[in-house]
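**Q** model the structure of this input:
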Amino acid sequence: GVLWLSIVAELLYIILLVAGVILMSVEMYYCSTAIDGLKLNAFSALLTVLAGLLGMVAHMMYTTVFQMTVNLGPEDWRPHTWDYGWSYCLAWTSFACCMAAAVTTINKYTKTILEFKHKRQMLERSIRIEYKFPAQ
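**A** Coordinates of the predicted model:
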């Protein structure tokens, strides 16, 4: 049961990554305003975070199932020594890249929104100062 659960989680991981890539592509080529692009970019970053977490959980479940099978299997089938191998390192690298990309994108989104708010406040202040109406 856990093996199939980890396989389904790995497939969801791939689907979420593909959805994030599609959203980023849409943002690059088809967005008319900067705010819409930022929203799509932030949503794709959230999908990337979910994909990274789901991929790591799925890989750890698979590793646990493999380790339990090795420990509880027949004596002649068990390896005497084993390590995690390239797939374990690939999963950690993938997780690190997903998290780095998502954090960078969310930071960029937050920074841009704060800059827009600051510019808007400055513009409103300059308009109030420039066009001071006499008090009634």
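**Q** mind listing what's buried in the lowest-mean-pLDDT helix or strand in the chain?
**A** Ranked by mean pLDDT, DSSP states H and E, the helix or strand of the chain with the weakest confidence is helix 34-72, at a mean of 77. By neighbour count on 16 or more other Cβ atoms under 10 Å, the buried set for helix 34-72 is 37-45, 47-59, 61-63, 65. All C-beta spots, glycine's among them, are computed from the backbone N, C-alpha and C.
**Q** same deal with stretch 6-23?
**A** Ser6, Ala9, Glu10, Tyr13, Leu16, Leu17, Ala19, Gly20, Leu23.
**Q** please convert those to a markdown table, extending it with distance to Phe116.
**A** Below are these laid out as a markdown table (distance: Cβ to Cβ, whole Å):
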| residue | distance to Phe116 |
| --- | --- |
| Ser6 | 43 |
| Ala9 | 38 |
| Glu10 | 39 |
| Tyr13 | 33 |
| Leu16 | 29 |
| Leu17 | 29 |
| Ala19 | 27 |
| Gly20 | 24 |
| Leu23 | 21 |
